[in-house]
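>>> Take a look and give me a structure for this.
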Amino acid sequence: MPQQIPRAIPDRRWDELFAEMRCDRDRALLEIYVSSGARASELLGALAEDVDWAGQMIYVISKGTGLRQGVPVSPQGLRYLAAYLGEGEPLAPGDPLWRTRRGESRPLTYWAMRRILQRANERLGTNWTLHDLRHTAATRMANGGTLTLTEVQEILRHADINTTGLYLAARIEDMFDRLQEHYTRPRPTRTYAAGYSADDMKAVFGE
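Below is the predicted model:
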């Protein structure tokens with residue numbers, strides 16, 4: 001049975017989705033998801049003390065092992081995170097890192113984050129899921145040319161490297177811009193070296 005390739009968000013669609021985020025908290029979440037490869041529930045469970053600003057990491061409780069492990073965060077993700085944290089009261093150790101913005105402050109749940117993505121999907125006419133963000137991170141890491149497959153496996157915390165290898169497959173949606181360039185490229189004009197008769201070449205090679 002052929003194995004289905006994990007669905008990742010193409011770059012041009014990612015830009016559209018990111019532009020639909022309405023606050024720095026949501027921008028930070030999407031950017032950290034796609035730069036860390038963390039699972040949705042893992043990142044939402046992070047506490048105030050789990051951010052390692054100097055090491056550019058956030059510590060999460062791994063779904064697979066139950067261990068506290070660090071995941072990488074892009075500098076842009078940390079900038080959005082700092083902007084989000086600067087909007088409210090300082091967090092104390094033990095406080096949830098991600099909180100609601102309306103009404104009484106409460107921890108941001110998986111279902112609340114899922115609803116944020118659903119509203120963006122409704123505006124865009126798409127159907128991206130939270131798990132697609134992890135797939136997108138994995139696809140970018142595996143195909144970026146700077147990380148080995150074993151390094152990507154370590155970051156994503158895959159037990160089997162064959163799972164990580166699924167993200168190396170070529171995707172039609174990622175080739176969209178190159179295909180458009182291919183379709184619109186003018187056909188090359190056939191020319192012959194000086195001294196050759198065009199009629200003779202046509203007789204030999206055809207039209």
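>>> And the helices in this structure, which stretches?
In the chain, the helices defined using DSSP state H lie at 11-19, 24-36, 40-44, 75-85, 110-124, 130-143, 149-156, 161-165, 176-184, 198-205.
>>> Packing partners of the third one?
Counting by 3 or more CB pairs under 8 Å, 6 or more residues apart in numbering; DSSP states H and E, the packing neighbours recorded for helix 40-44 are helix 24-36, strand 57-61, helix 110-124, helix 130-143. Quick note: C-beta positions are derived from backbone N, CA and C, even for glycine.
>>> Buried deepest among those, which one?
helix 24-36 (a mean of 23; mean count of other CB atoms under 10 Å).
>>> can you list contacts of it?
Outside helix 24-36, the residues that touch it by CB atoms under 8 Å, 6 or more residues apart in numbering are 14, 17-18, 21, 38, 40, 43, 58, 71-74, 76-77, 80-81, 83-84, 87, 98, 101, 108, 113, 116, 130, 133-134, 136-137, 140, 155.
>>> hmm, 6 Å instead?
18, 21, 71-74, 76-77, 80-81, 83-84, 116, 133, 136-137 (CB atoms under 6 Å, 6 or more residues apart in numbering).
>>> Repeat that for stretch 142-154.
Outside stretch 142-154, the residues that touch it by CB under 6 Å, 6+ apart are Met141, Ile161, Thr164, Tyr167, Leu168.
>>> Please spell out which residues along it are buried.
Ala142, Asn143, Val152, Gln153 (16 or more other CB atoms under 10 Å).
>>> Just the endpoints, please. Distance across that stretch?
12 Å (CA to CA, to the nearest Å).
>>> Distance from it to the middle of the chain?
Stretch 142-154 sits 14 Å away from the centroid of its parent chain (CA atoms, centre = their mean, to the nearest Å).
>>> Report the mean confidence score over it.
Summarised as a single mean, pLDDT over stretch 142-154 is 85.
>>> Distance to Thr148 added to the contacts of stretch 142-154, as TSV?
Below are the contacts of stretch 142-154 laid out as TSV (distance: CB to CB, whole Å):
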residue	distance to Thr148
Met141	10
Ile161	10
Thr164	10
Tyr167	13
Leu168	12
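>>> OK, contacts around the closest residue to Ile155 other than its chain neighbours?
Closest residue in space to Ile155, ignoring its immediate chain neighbours: Gly37 at 5.8 Å, by CB to CB, 6 or more residues apart in numbering. Residues counted as contacts of Gly37 (CB under 6 Å, 6+ apart) are Arg134, Ala137, Ala138, Ile155, Leu156.
>>> about what we covered before: closest one to Thr65 among the helices of the chain?
helix 40-44 (11.1 Å; CB to CB).
>>> In this structure Pro93 contacts Val51, no?
No - Pro93 is beyond contact range of Val51, at 11.3 Å (criterion: CB atoms under 6 Å).
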